[in-house]
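Peer 1: next input, structure requested:
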Amino acid sequence: ARFFEPRQLTQEDLARSNQYRAEGERKKMQSQCGDMKSYLASLEMVAQVRPFLPVDLPRIAQLVAKSNQFNLTTRRRSEAELAEISQNPGWGHFSVRLRDRFGDHGLIAVVILRFEKEKTEIDTWLMSCRVLKRQVEELVLNEIFQQARRQGCQTVEGLYLSSGKNGIVKDLFPSFSFTGNGKCGAGDAYSLKTDDFRPWDHPIKVLTDESNRG
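Peer 2: Residues are numbered from 1 along each chain as shown. Next up, the predicted model:
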């Protein structure tokens, strides 16, 4: 019956009880704040943005396999496939870890980009639902356009593929001023020129590999 078969545990699995406790403290803080803006500022959020690293691949693979709601394309990939992408210069990739004054959310967002001539395609953009409405979306979008500009791309393209479970991100691209380009296969296509993009404000302090070394 496979009752004693070991399974791989990530650091996020092991820290889950602490995360539940911290979430209760966040809800208490939210009830004491007058509005969402002041609540988010009070959390003192810090995010770490970095490319896929071998140590993170088990958690990244777990999110890719299980994330259904905030997942624009629900493309599934194995840990081995993700490792290959991380070594391919034609792909961009990064993960986001988030912590605040109450605790560590762990690795909560995964993005995979495909660079093709003068455009960047958002192949995968998924996030853990426990960080929704924290403005992590703005942080992620800013990083996507930074990478696109470093590659000399003129356009960022995104695709929304409905899975029946990811309706919460149906209007994500329009909400960030992307232009609808109609149907692309089974999905809805969107694009935004890098020259037209302006970084979004958010209350999260962002650490990159460069800032960590400094």
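
Peer 1: give me the pLDDT value at residue 93.
Peer 2: The model reports residue 93 with a pLDDT of 97.

Peer 1: residues contacting it?
Peer 2: 51, 52, 85, 86, 111, 112, 113 (CB atoms under 8 Å, 6 or more residues apart in numbering). Every C-beta, even on glycine, is put in place using the N, C-alpha and C of the backbone.

Peer 1: tell me where the model's unsure across the chain.
Peer 2: Within the chain, the stretches with pLDDT under 70 are 1-25, 27-31, 209-214.

Peer 1: can you map out the strands along it?
Peer 2: 46-50, 91-100, 103-116, 119-127, 155-160, 179-184, 187-193, 205-208 (DSSP state E).

Peer 1: so which of these is nearest residue 61?
Peer 2: Residue 61 lies closest to strand 103-116 among the strands of the chain, at 9.4 Å (CB to CB).

Peer 1: point to the residue nearest the middle of the chain.
Peer 2: residue 109 (2.9 Å; CA atoms, centre = their mean).

Peer 1: tell me what that residue is bridged to.
Peer 2: residue 96, residue 127 (DSSP bridges).

Peer 1: with residue 101 as the reference, measure out to it.
Peer 2: Relative to residue 101, residue 109 is positioned 20 Å away (CB to CB, to the nearest Å).

Peer 1: do residue 139 as well
Peer 2: According to CB to CB, residue 139 and residue 101 sit 18 Å apart.

Peer 1: okay, those two: which has more neighbours?
Peer 2: More neighbours surround residue 139 than the other of residue 139 and residue 101, with 23 against 13 (other CB atoms under 10 Å).
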